[in-house]
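> Take this sequence and fold it.
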Amino acid sequence: MGRLFGTDGVRGVANTELTGELAFQLGRAGAYVLASETHHRPRLLVGKDTRRSGDMLEKAIVAGICSAGAEAVLAGFIPTPAIAYLVRKYGFDAGVVISASHNPAEFNGIKFFNSEGYKLSDELEERIEAIILDKAEEVPSPVGGDVGTISVLETATEDYVDFATGTVNCDLKGLKIAIDCANGAVFRAAPMAIRKLGAELLVINDTPDGLNINANCGSTHIENLKKFTVENKCDVGLAFDGDADRVLAVDENGELVDGDKIMSIIGLSMKNKGQLKHDTIVATVMSNLGFDIMGRENGITILKTSVGDRYVLEKMLEGDYILGGEQSGHIIIRTCNTTGDGLVTALQLLQVIKESGRKLSELASVMDIYPQVLRNARVDNSKKYNYLEDPVIAEECRRLEEAFKGEGRVLIRPSGTEPLVRVMIEGRNQGYITSKAEELVRLIEERLS
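Next up is the predicted model:
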């Protein structure tokens, strides 16, 4: 992670950590770097989620873009993946999203997409940081007719809905669907798309007030949707996060269908149609062991990356794979979009339900969720990476893995921000894995404190 950019853009509490001044500098430096290869007036598309601070940050970013001589085109309230799509559709030089995704309302963030709809490389982020923090390059300040301008893309939401609905080949008539919009960026687009496809639709949390985004709603608080789906006898419930780059589902019985299960359902459907390239799905090390077993039983290779959608996408591009994602519901379908897209993923899942004529609970039963225990070992911060070299810890992990005989696993990783080593153990027996996780935590604390 860089000095300003984290794993997903620049994030912080709006107006203290992520200030208007910083937003202006990001807009100015970002416009300069991302458009430096063009021989025309650069155009950047700017979208935001529904946080109150979005207005303030939008104005500051736009001022920065214009001060660098570029045109800022406003898309308004719109999901993150819509910006990735619209940048490509209209040939923008870059896209900017003002959002803190699933975080509470007081946070906000700024992330960029390049002209191909991909998040920026580390090198470009570092160049933007160097301009802002080190004055490494001088950004020109044009005058007169060379100062940038502002316009509005009035059709942004309709364009995105047309695109998303165009990724499926059937209507959704006969399905009763509940959706939780998280009072976020998808509050217009998701209902519009699902109604357009003919489903009976019930919507909750679609009245954003600037402060209620992700507040006890959406994919990070799915309890209300579980209850709502069952009470209203819906076939499926769908929960988005604040910027709608992820989605989780609930079956007709109110049971969670997480990202691993959604990828299993969509991946199997693709494989049966001969559409799953290399019969491979890319996931992260945090995916449930049941996902690996589902793959083994169905002739699908599951490749693992570090946690984070950028690592998933890197692996997908490297091997030309088309389906990948995370347990959290952040799923990338490369035949549709260049980034995680909650609405597109939801529609692909609904298409499988409609085409198969099966209930979501039945489709989701292709994968068993193995119990998972997470514990933290508190260690000396300077030693938290030493678990890799410690022979006693390594031997205990090897012994545990051997005892599981392919039906359990041990994953240890240091916290990026705290003096902790995180221990995760999966297996069939909840009591057994809990006791083993606690034993391993004690051993790590003894060895690394």
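> For the lengthiest helix in the chain, could you pull out the residues that count as buried?
Ranked by residue count under DSSP state H, the longest helix found in the chain is helix 430-448. Buried residues in helix 430-448, counted by 16 or more other Cβ atoms under 10 Å: 432-433, 436-437, 440-441, 443-444, 447-448. Placement of C-beta: from N, CA and C, glycine included.
> so what does the helix or strand hosting I132 touch, helix or strand wise?
Taking DSSP states H and E as the criterion, I132 maps to helix 122-134. Packing contacts for helix 122-134, counted by 3 or more Cβ pairs under 8 Å, 6 or more residues apart in numbering; DSSP states H and E, involve helix 20-34, strand 107-114.
> Centre of the chain to the helix or strand just after that helix, how far?
Using DSSP H and E, the helix or strand that follows helix 122-134 in sequence is strand 150-152. On the basis of Cα atoms, centre = their mean, to the nearest Å, strand 150-152 sits 28 Å off its chain's mean C-alpha point.
> repeat for stretch 61-80
22 Å.
> Any idea how far apart the tips of that stretch sit?
Taking Cα to Cα, to the nearest Å, stretch 61-80 runs 16 Å from one end to the other.
> How much space separates G290 from L374?
16 Å (Cβ to Cβ, to the nearest Å).
> quick one: which of these two has more around it?
G290 (19 against 12; other Cβ atoms under 10 Å).
> could you say what helices and strands the strand or helix carrying the more buried one packs with?
Using DSSP H and E, the element containing G290 is helix 289-298. Packing contacts for helix 289-298, counted by 3+ Cβ pairs under 8 Å, 6+ apart, involve helix 259-272, strand 301-305.
> and the ones you listed, which is most packed in?
Scoring the helices and strands packed on helix 289-298 by mean neighbour count under mean count of other Cβ atoms under 10 Å gives helix 259-272 as the most buried, with a mean of 24.
> So what touches it?
246-249, 257, 276, 279, 281, 283, 287-288, 290-291, 294, 298-300, 322-331, 333, 345, 348-349, 351-352, 355-356, 363-364, 366-367, 369 (Cβ atoms under 8 Å, 6 or more residues apart in numbering).
> And for stretch 299-310?
By Cβ under 8 Å, 6+ apart, stretch 299-310 touches 7-8, 119, 245, 267-268, 271, 276, 278-287, 291-292, 294-295, 311-312, 314-315, 319, 321, 325-326, 330, 332, 339-340.
> neighbours of T149, just the number please.
T149 has 14 nearby residues by other Cβ under 10 Å.
> got it, and N169?
8.
> do the one 3 residues further on as well
Per other Cβ under 10 Å, the neighbour tally for L172 reads 24.
> What strand or helix carries it?
Assigned by DSSP H and E, L172 falls outside every helix and strand.
> same question, V373
strand 372-378.
> and that strand, which strands flank it?
Sheet pairing here is set by DSSP bridges, and for strand 372-378 it gives strand 420-427 (antiparallel).
> Flag the shaky bits of the protein, pLDDT-wise.
The chain contains residues with pLDDT under 70 at 1-2, 37, 416-417.
> Find the nearest non-adjacent residue to A130, please.
Nearest non-adjacent residue to A130, counting by Cβ to Cβ, 6 or more residues apart in numbering: A136, 3.8 Å away.
> cool, A185 as well?
Here the residue nearest A185, using Cβ to Cβ, 6+ apart, is D49, at 4.0 Å.
> so how far is A215 from that neighbour?
When D49 is compared with A215 (using Cβ to Cβ), they lie 13 Å apart.
> ok, now V257?
On the measure of Cβ to Cβ, V257 and A215 end up 23 Å apart.
> out of those two, which sits in the more crowded spot?
V257 (24 against 16).
> contacting residues for that one?
By Cβ under 8 Å, 6+ apart, the neighbours of V257 are 248-251, 265, 360, 364.
> Could you work out the most separated pair of those?
V250 and I265 (13.6 Å; Cβ to Cβ).
> what's the spacing between the helix holding I132 and its chain's center?
The answer for helix 122-134 is 23 Å, by Cα atoms, centre = their mean.
> quick one on the thing from earlier: buried residues, the helix holding G290. List them.
Neighbour-count burial for helix 289-298 [16+ other Cβ under 10 Å]: 289-295.
> Tell me the one of these nearest M424?
Distances from M424 to the buried residues of helix 289-298, taken by Cβ to Cβ, are shortest for L289, at 10.4 Å.
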